[in-house]
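Novice: Provided below for reference: sequence and predicted model.
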Amino acid sequence: MAEGVYLLDVWQFGQPGTGGVYLLSGAEAALVEAGTSLAVPRILAGLEGVGIPREAVRWIFVTHVHLDHAGGAGALVRELPRAQVVVHPRGAKHLSDPSKLVASVREAVGDRFPLYGEAIPIPEERLFPAQDGERFTVGAHTLRAVFSPGHAPHHLCFLEEVKGLLFTGDAAGLYLEGRLYPATPPPSFDLAASLDTLARLQGLNPKALLYTHFGLRPGAEGLEKYGELLRWWVELVEGEREEGAVLAELARQGWPVEGERVREDLLMSVRGVHMYLARREAKGA
Ligand SMILES: [Zn+2]
């Protein structure tokens, strides 16, 4: 990716190029994201592949607690004896007791649930709730935690300040094979918060965006593009309402909706917008 930064493809949901975990290496090492628990063997093999002993991993930075980002953290801290999990203060309780989180994922994803692995509770002393702007040193890298609500209220991005690399988690959408996709799942997607976050991230002037889903995109243009996409997406769902009609409109506009995975992700994002609109209406906005 860049000097001392590796992208491990964790074959999320059994597919290549959809879910990643970043590895920062040096005298100390760190992971950005943990994948699901099913990713753990690949992550450990990746460490071994670049010659990083397990004791060298000091931090696991998770952008948020959704299972495709933090589900594997509990299994990882058992394997990485010095690692602490850096998480938003509002996300920490879901990592020490994942039961609510797991129940909500089960409800949201139905029969895809086994693909999310299992979430092992993380002991409090292995968690590190990060404040906005807090800095972490990892060898030659410095990572700054950036509160970035919108996809979820407890979302963090991480800016690698030396090279200007921004780990976007899901705050800047999904970037798969050169196309941006909305990441607006239930229960807490919030358009206004997302747009504020994108403006804030642009203000950091990143040199490159490192998407969890999936990989590096040079420049910061993806942030602006995602803001445009989100406005359009929420309007589309608000206009069409019904899931089938949204998919039909996407297909008409040339989106690749025939793949089952893409379709299910999009439908989940439609439901997230429905919940957002219902909340907005309830507030009388
Ligand atoms: Zn995700």
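Specialist: Yes, it's here.
Novice: Show me the contact partners of the lowest-mean-pLDDT helix or strand in the chain.
Specialist: Every helix and strand of the chain was ranked by mean pLDDT, DSSP states H and E. The lowest is helix 99-109, at a mean of 88. With contact meaning C-beta atoms under 8 Å, 6 or more residues apart in numbering, helix 99-109 is reached by 65-67, 94, 113, 115-116, 118-119, 185-187, 264, 268, 271. (Glycine included, C-beta is placed from N, CA and C.)
Novice: The same query, at a cut-off of 6 Å, please.
Specialist: For helix 99-109, the surrounding residues in contact (C-beta atoms under 6 Å, 6 or more residues apart in numbering) are 65, 67, 94, 113, 116, 119, 186.
Novice: likewise stretch 251-258?
Specialist: Looking at stretch 251-258 with C-beta under 6 Å, 6+ apart, the contacting residues turn out to be 247, 250, 263.
Novice: and which of those is nearest V40?
Specialist: Checking the contacts of stretch 251-258 against V40 by C-beta to C-beta gives R263 as the nearest, at 28.0 Å.
Novice: Any chance of the backbone angles for the closest residue in space to E3 that isn't next to it in sequence?
Specialist: If the residues on either side of it in the chain are set aside, E3 comes closest to K163, at 7.7 Å by C-beta to C-beta, 6 or more residues apart in numbering. When quoted as degrees, to the nearest 10, the phi and psi of K163 stand at phi -110, psi -10.
Novice: how many other residues sit next to K163?
Specialist: For K163, the count of nearby residues is 17 (other C-beta atoms under 10 Å).
Novice: For stretch 210-228, give the distance from the opening residue to the closing one.
Specialist: Using C-alpha to C-alpha, to the nearest Å, the end-to-end distance of stretch 210-228 comes to 19 Å.
Novice: Residues touching it, excluding its own?
Specialist: So stretch 210-228 is contacted by 1, 17-20, 33, 165, 167-169, 172-176, 180, 195, 198, 201-202, 206, 208-209 (C-beta under 6 Å, 6+ apart).
Novice: hey, where'd the strands end up in this protein?
Specialist: 5-9, 20-24, 29-32, 57-61, 84-87, 127-129, 135-138, 141-147, 156-160, 165-169, 174-176, 179-181, 208-211, 215-218 (DSSP state E).
Novice: Adding mean neighbour count, write the ones you listed out as CSV.
Specialist: Shown next, in CSV, are these (neighbours: other C-beta atoms under 10 Å):
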stretch, mean neighbour count
strand 5-9, 19
strand 20-24, 25
strand 29-32, 27
strand 57-61, 25
strand 84-87, 25
strand 127-129, 18
strand 135-138, 16
strand 141-147, 21
strand 156-160, 26
strand 165-169, 27
strand 174-176, 21
strand 179-181, 17
strand 208-211, 24
strand 215-218, 16
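Novice: Include mean pLDDT and distance to the ion when you put these into CSV, please.
Specialist: As requested, the strands of the chain are exported to CSV (pLDDT from 0 to 100; distance: least, C-beta to the ion, whole Å):
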stretch, mean pLDDT, distance to the ion
strand 5-9, 95, 14
strand 20-24, 97, 10
strand 29-32, 98, 13
strand 57-61, 98, 14
strand 84-87, 98, 15
strand 127-129, 98, 20
strand 135-138, 96, 22
strand 141-147, 97, 17
strand 156-160, 98, 13
strand 165-169, 98, 7
strand 174-176, 96, 7
strand 179-181, 96, 11
strand 208-211, 98, 9
strand 215-218, 96, 14
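Novice: want to try CSV for those strands, with distance to K100 as columns?
Specialist: CSV is the format used below for those (distance: least, C-beta to C-beta, whole Å):
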stretch, distance to K100
strand 5-9, 28
strand 20-24, 24
strand 29-32, 24
strand 57-61, 21
strand 84-87, 15
strand 127-129, 16
strand 135-138, 28
strand 141-147, 22
strand 156-160, 19
strand 165-169, 20
strand 174-176, 25
strand 179-181, 27
strand 208-211, 27
strand 215-218, 31
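Novice: separation between the residue nearest to L38 when sequence neighbours are not counted and the ion?
Specialist: What sits nearest to L38 in space, not counting adjacent residues and going by C-beta to C-beta, 6+ apart, is G117, at 4.3 Å. Computed with C-beta to the ion, to the nearest Å, the distance linking G117 and the ion is 14 Å.
Novice: before we move on, what about T36?
Specialist: From T36 to the ion the distance is 10 Å (C-beta to the ion).
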